[in-house]
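**Q** quick one: sequence and predicted model below, then my questions.
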Amino acid sequence: MKNTPPNSSTSTGSLRRVDSGIDSHSELSVSINGSSSGDSPSCFQKLVSVVKPFSFMIREPAGKWIAWTFLLLLVYASLWSYFEESMRPNESGFSLVITIILCFVAENLIEKIPTPEGMPPIPPLLASLLVGLALRNLPSPVNIAVYIDNESSKKLRQLALTVILTAAGLEIDPEAMKKVKYAVVRLAFSPCLFETATYGILAHFLLGFPYGWSFMMGFMISAVSPAVVIPSLMIIQKENYGVKKGVPSLVMAASGIDDVLAIAGFTVLLGVNIPVGIEKDIIYPDGMNTSLASNGTESDFNIGREIGGAILEVIVGGIAGIVFGIILGNIPPKTMQHRSFVRGAILLMNGILWVYGTEIWGIEGAGAISALVMSFTAAFLWGDEKEPLAHGWEYMWKVFQPILFGLTGAMVDVLTFDAETVGYGFICIIVALIIRLCVAGVVPFGLGFNNKEKAFCAVSWIPKGTVQAALGSAALDAAMVELDTVPGHEDHIKWGQQILILAVLATLFTAPIGAVAISYFGKKLLHQDVEDEEDPMKKDPIEELGSDNKGFQADDIDSAVMSESDSMEMSWEEKKHPHPHHLEGIEEEDANIKVERTGF
């Protein structure tokens, strides 16, 4: 019989420290194994001793990375089991999946890079864009992106475009727009239009673009990136910089509308420049060969018909978006269980239907407008109930962001870069950005902003990336489709490639600079709002406790409130200067803080 240590419990279910120094864990271990340390180890103990050195694999951080790696390998394996031919090395499916996986990994790694306190993290979209560029342009065998099928890449980018369009509609805050009224529209429209006009003029003279193409590029590149602007502004807003005057709210609300204008303008001009859908039927009603347009026969090619066909697409998309948005805003009923999930599914599926379906119906430009307008209309009718969907779309965007930016980067062939395109392109980007900053610093009038706050509004308008990735290749895609059906438009391919190059350059140049500028200048140009600012001599009762009592929580304060019988025994001095623990609520009346004692 074993000797039981003094004061120890013989029950294996009792876990308590013993006086002899043997803790409950040791006692339990002996009881489970059924043998003391002097006995020969059991098979289970031998197995534990073998596995123990590898226990780090089930603990963070290694366990997390192993789990994700295992998941990604299973994703590839499951796709290989279904698409065996395509998932072989140097095939389209294999290259597509590996590119997307590496973009996911790159975004997660770049988020781990530490940044100075108060500064935003490096925008993850840059990691995906650079990985896509590298996998397309590095020497073999790294350049796996060259094997990606253009049609598969286009379909995935269109799916990501659907997600970002519906997300943009959910981000527009109707209440914030009501508060700042026309200032949101001024801040959204004016800088975008002035920057677009600058691109339209400079790209025509420096790069040789026709005005229709240069203004189309201007609309696309002039859009700001909510994916960069909003996270940077949230850091400023959490620290109460400019909150009382609504500076961050104004910029966030305007960023969504800015994208609406940019997408609409780009869509109209894309239909004008490359009529491949309903515009072609309007421009050439008799079915004549559209190659006549390239030969300059004005009797067959009418600019009025071009613009009319493109605007018709926008009208169709807008009407469809409003109608389906109203329907979605009222169904399912508010009493239905899991209504947020049903709303999100209907919103996403409807967006996919219009983005993909309009291409089949010959009104491709209507898809983006319909998805955007539908999302905004439904969100307006939902009110505060849109918040669960907005949060869900944030997580969904984390999935589609590396897909969109990675595949966009994989489309760029650096061999097509030439000194003229890059040099003149940078001149266009810098000059247009300066014009935008000047206009954005002027238009927020009538809101009581001082010059520093107006300057911050201008700085917040620097970052680009989201719309540029979504639409940067759209002109090139349309030009390739046009070339397959209507020969004689090789110049459209060249211009489409140049627009894609400038979209990538604008993203790489402005996204990191803009993110850092918002966080840095936000603290330099905006006033930090503090509570009780009207009465700076009034201190928070909790702060008066001193550093020794900072650990008290709300529950401690509530439990410390004196009972009525105890309060009757308080001295006159205690009644005159009550202990902060006796205070329960703080009410603000007429800008003065009134502290009420409770419990008596």
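**A** Ah, there it is. Numbers count the residues shown, from 1 in each chain.
**Q** quick one: mean pLDDT for stretch 80-94?
**A** Confidence for stretch 80-94, expressed as mean pLDDT, is 88.
**Q** gap between that stretch and the chain center?
**A** Put simply, stretch 80-94 sits 31 Å off its chain's centre (CA atoms, centre = their mean, to the nearest Å).
**Q** straight-line length of it, end to end?
**A** 8 Å (CA to CA, to the nearest Å).
**Q** mind listing what's buried along it?
**A** Residues of stretch 80-94 classed as buried under the neighbour-count rule (16 or more other CB atoms under 10 Å) are 80, 86-87, 91-94. The way it works is simple: take the backbone N, C-alpha and C, and place the C-beta from them, glycine included.
**Q** now swap in stretch 352-362 and tell me
**A** By 16+ other CB under 10 Å, the buried positions in stretch 352-362 come out as 352, 354-356, 358-359.
**Q** what about the helices in the stretch 301-450 of the chain?
**A** Using DSSP state H, counting those that start in this stretch, the helices found in the stretch 301-450 of the chain span residues 303-330, 339-361, 365-382, 387-410, 419-440.
**Q** and residue 504, which of these is closest to it?
**A** When the helices of the stretch 301-450 of the chain are ranked by distance to residue 504, counting by CB to CB, first place goes to helix 387-410 at 6.9 Å.
**Q** any idea of the angle the closest one forms with helix 365-382?
**A** Helix 387-410 runs at 160 degrees relative to helix 365-382, counting by axes from the mean of the first three to the mean of the last three CA atoms, to 10 degrees.
**Q** which elements pack onto helix 387-410?
**A** helix 92-111, helix 124-137, helix 150-171, helix 339-361, helix 365-382, helix 466-471, helix 490-525 (3 or more CB pairs under 8 Å, 6 or more residues apart in numbering; DSSP states H and E).
**Q** hey, which of the ones you listed is tucked in deepest?
**A** Comparing the helices and strands packed on helix 387-410 by mean neighbour count (mean count of other CB atoms under 10 Å), helix 466-471 comes out on top with a mean of 28.
**Q** tell me, how many residues neighbour the spatially closest residue to residue 350 that is not a sequence neighbour?
**A** If the residues on either side of it in the chain are set aside, residue 350 comes closest to residue 324, at 5.7 Å by CB to CB, 6 or more residues apart in numbering. As a burial measure, residue 324 scores 23 neighbours (other CB atoms under 10 Å).
**Q** can you name the residues that contact residue 324?
**A** Neighbouring residues of residue 324 by CB atoms under 8 Å, 6 or more residues apart in numbering: 350, 370, 374.
**Q** try 10 Å this time
**A** Listed by CB atoms under 10 Å, 6 or more residues apart in numbering, the contact set of residue 324 reads 346-347, 350-351, 353-354, 370-371, 373-375, 377-378.
**Q** closest to residue 473 among the residues you listed?
**A** The nearest member of those to residue 473, counting by CB to CB, is residue 371 at 18.1 Å.
**Q** ok, residue 224 touching residue 232?
**A** No. Between residue 224 and residue 232 there is no contact, the gap being 11.3 Å when judged by CB atoms under 10 Å.
**Q** what touches both of these two?
**A** Residues touching both residue 224 and residue 232 (CB under 10 Å, 6+ apart): 251, 460, 463, 514.
**Q** can you select the buried ones from the residues you listed in PyMOL?
**A** Once 16+ other CB under 10 Å is used to decide burial, the buried members of the shared contacts of residue 224 and residue 232 can be selected in PyMOL as follows:
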select buried, resi 251+460+463+514
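**Q** just the shared contacts of residue 224 and residue 232 now: which is nearest residue 479?
**A** Proximity of the shared contacts of residue 224 and residue 232 to residue 479, judged by CB to CB, is greatest for residue 463, which lies at 27.8 Å.
**Q** which of the three states applies to that closest one?
**A** Three-state assignment for residue 463 (DSSP: H, G, I helix; E, B strand; the rest coil): coil.
**Q** kindly state the pLDDT recorded for the residue minimising distance to the centre of the chain?
**A** Relative to the mean C-alpha position of the chain, the nearest C-alpha, by CA atoms, centre = their mean, is the one of residue 227, at 3.6 Å. Listed pLDDT for residue 227 reads 76.
**Q** does anything pack onto the helix or strand encompassing residue 454? Which helices or strands?
**A** Assessed by DSSP states H and E, residue 454 sits inside helix 451-459. In this structure, helix 451-459 makes packing contacts with helix 182-206, helix 247-273, helix 419-440, helix 490-525, judged by 3 or more CB pairs under 10 Å, 6 or more residues apart in numbering; DSSP states H and E.
**Q** one more pass at 8 Å, please.
**A** When contacts are defined as 3+ CB pairs under 8 Å, 6+ apart, helix 451-459 sits against helix 247-273, helix 419-440, helix 490-525.
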